[in-house]
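>>> Following is a predicted model, sequence given first.
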Amino acid sequence: MKSCLIVDDSHVVRKVARRIAEDLGFSCSEAGDGQEAFAFCQGSLPDVIFLDWNMPAMSGAEFLEHLRALENGKHPKVIFCTTENDPVQIARALAAGVDEYVMKPFDRDILRMKLMQVGMVEKA
Amino acid sequence: MNIGDFEMYRRLLLDRTGLAISEDKDYLLESRLTPVAKKWKYSTLGAMTLALRGLASPDLVHDVLEAMMDHETEFFRDITGFDRFRDVVLPALAEGPGKDKSVRIWSAGCATGQEAYSLSILLQDEKSRLPAGCRVEIIGTDLSAMCIDYAERAVYSQFESQHGMPIAVLYKYFDAHEGGWKAKRLLRESVSFRRLNLTDPLKRIGVFDVIFCRNVLNRMDKKIAVQILGRMTRCLMPGGFLLLGSDETLPGPVAWLRPVEHNPGLYTLDQSYGAGGGDSFKKAGSFFS
């Protein structure tokens, strides 16, 4: 079973994303900010990370930079889930090494499609 | 909704569009038509139904039909079809006679245009596979005026943009626009849209190299679907392709349409069909202008 880490400072968003990911067959863990997420990844790298952009303590962009610097840090597929829809931010995220980018609000179909695009879920 | 009223709406939809609706969809009809009754200031859906049984205004009939039609679509929907287009159809088109001139594609039942723009994206990405200078013309048609207006604006909400489209593609081919995303000019300039009822004669639509008609015929009355398919066949160049949904089959036998082996939903028009006739139509140019 593939593993998923959901990183968002909103408990509601984490709950929604978790329900969708579990329904799609992932085992899920959660983190409320980038620091917590990085500590988790130092112990065990998940297969996919849903990552918010704006978070306290450590932002999504900062977390991503630290993640990719880890040994095997390029392994997890990172999907930004964020309210940021500014093309400049999207370009920054792409340059920083995200694999996909979801603009909130999202639904099951969108998350499934993004997971399919990063190779975590088979084509329907 | 009582059976008599449902039958009236069912008949109206069938007669005007060829679309079939089953009895178990009466709840759906009711939920779609109630807002129309409200818009037209009828106190109840029943009152509107009564008006439709008499001499109803064409605008009311138009709104009722719009509400009954399903406009579901998304970018790169049923992506297998696009994979087949790229891997099977495009190489064949690139080799065909006269392909240094143009490639004409018809997205039949295009709804709000996402299929047509998806094709435009794919062809931009794959343009090296076509002869230099090859002009691409994609025409999207739908019965719904509302859908055609939407498609022509080429602005999609955040939600719509994300359905079916990788972020890198969205960023490359769309501009942020008033909270949503607008297709860039390089996509729009090869795409045009027209209102068209597939049950009407198709004499003035021109001839195409490829017709996408996915999840359209399978919603129609079978007899009407076969008639439409026959007329569509006459709009295909010899050697041209018809793409249905990947889980669809032809509604009935159609002479000269051959399935492409190992590619469900993909058919090609026998090269010997109407030999020369297609070329003379195409040289005369598009009949849309």
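In hand now; what should we look at?

>>> For the stretch 1-150 of chain B, what lies in contact range of chain A?
Within the stretch 1-150 of chain B, the residues that sit near chain A (CB under 8 Å from any CB of the partner chain) are B:79, B:80. To be clear about C-beta, it is placed using only N, CA and C from the backbone, and glycine gets the same treatment.

>>> Which stretches in the stretch 101-250 of chain B count as helices?
Under the criterion DSSP state H, counting those that start in this stretch, the stretch 101-250 of chain B contains helices at B:114-125, B:145-153, B:158-162, B:167-173, B:185-188, B:222-233.

>>> can you pull out the strands in the chain?
If you meant another chain, say so; for now it's chain A. Ranges of strands within chain A are A:3-7, A:27-31, A:48-51, A:77-82, A:100-103, based on DSSP state E.

>>> actually it's chain B I care about, not the one you picked
Going by DSSP E, chain B shows strands at B:102-108, B:135-142, B:155-156, B:174-177, B:180-183, B:191-195, B:208-212, B:236-243, B:257-259, B:266-269.

>>> Distance to residue B:124 and mean neighbour count for those - can I get that in TSV?
Compiled in TSV, these are given as follows (distance: least, CB to CB, whole Å; neighbours: other CB atoms under 10 Å in any protein chain shown):
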stretch	distance to residue B:124	mean neighbour count
strand B:102-108	13	24
strand B:135-142	9	22
strand B:155-156	17	22
strand B:174-177	12	16
strand B:180-183	11	21
strand B:191-195	11	18
strand B:208-212	16	24
strand B:236-243	19	24
strand B:257-259	29	15
strand B:266-269	22	22
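
>>> So, low pLDDT: which residues of chain A?
Low-confidence segments of chain A, defined by pLDDT under 70: A:124.

>>> And the contacts of the longest helix along it?
Of all segments of type helix in chain A, defined using DSSP state H, the longest is helix A:11-23. Applying CB atoms under 8 Å, 6 or more residues apart in numbering or on different chains, the external contacts of helix A:11-23 come out as A:4, A:6, A:8, A:28, A:30, A:32, A:50, A:52, A:81, A:104, A:108, A:111-112.

>>> re the thing from before, rebuild the helices of the stretch 101-250 of chain B as a markdown table, extending it with distance to residue B:198, mean pLDDT and mean neighbour count.
Compiled in a markdown table, the helices of the stretch 101-250 of chain B are given as follows (distance: least, CB to CB, whole Å; pLDDT from 0 to 100; neighbours: other CB atoms under 10 Å in any protein chain shown):
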| stretch | distance to residue B:198 | mean pLDDT | mean neighbour count |
| --- | --- | --- | --- |
| helix B:114-125 | 15 | 97 | 23 |
| helix B:145-153 | 14 | 96 | 18 |
| helix B:158-162 | 24 | 89 | 21 |
| helix B:167-173 | 29 | 94 | 18 |
| helix B:185-188 | 24 | 97 | 15 |
| helix B:222-233 | 5 | 92 | 18 |
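
>>> Keeping just the C-alphas, turn the longest helix of chain A into CSV.
This file holds the C-alpha atoms of helix A:11-23, laid out as CSV (Å, rounded to 0.1, in the frame of the first residue of the first chain):
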residue,chain,number,x,y,z
HIS,A,11,-7.3,20.5,10.2
VAL,A,12,-10.4,20.6,7.9
VAL,A,13,-8.3,20.4,4.7
ARG,A,14,-6.2,17.6,6.2
LYS,A,15,-9.4,15.7,7.0
VAL,A,16,-10.8,16.1,3.5
ALA,A,17,-7.6,15.2,1.8
ARG,A,18,-7.1,12.2,4.1
ARG,A,19,-10.6,10.9,3.3
ILE,A,20,-10.0,11.1,-0.4
ALA,A,21,-6.5,9.6,-0.2
GLU,A,22,-7.6,6.7,2.0
ASP,A,23,-10.5,6.0,-0.4
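
>>> List the buried residues in that helix.
Judged by neighbour count using 16 or more other CB atoms under 10 Å in any protein chain shown, the buried positions of helix A:11-23 are A:13, A:14, A:16, A:17, A:18, A:20, A:21.

>>> Figure out which of the helices of the stretch 101-250 of chain B is closest to residue B:197.
Closest of the helices of the stretch 101-250 of chain B to residue B:197 is helix B:222-233, at 10.0 Å (criterion: CB to CB).

>>> What parts of chain A come near chain B?
A:85-87, A:90-91, A:94, A:98, A:100-103, A:105-107, A:109-110, A:113-114, A:117, A:123.

>>> Grab the most central residue of the chain for me.
Because you didn't say which chain, this covers chain A. With distances taken as CA atoms, centre = their mean, residue A:50 lies nearest the centre of chain A, 1.7 Å away.

>>> um, chain B though
Most central in chain B (CA atoms, centre = their mean) works out to residue B:109, at 2.1 Å.

>>> Spatially nearest residue to it, not counting backbone neighbours?
residue B:216 (3.6 Å; CB to CB, 6 or more residues apart in numbering or on different chains).

>>> since we're on the nearest residue to residue B:151 once chain neighbours are set aside, how many residues are nearby?
Nearest residue to residue B:151, sequence neighbours excluded (CB to CB, 6+ apart): residue B:113, at 2.8 Å. By other CB atoms under 10 Å in any protein chain shown, 28 other residues sit near residue B:113.
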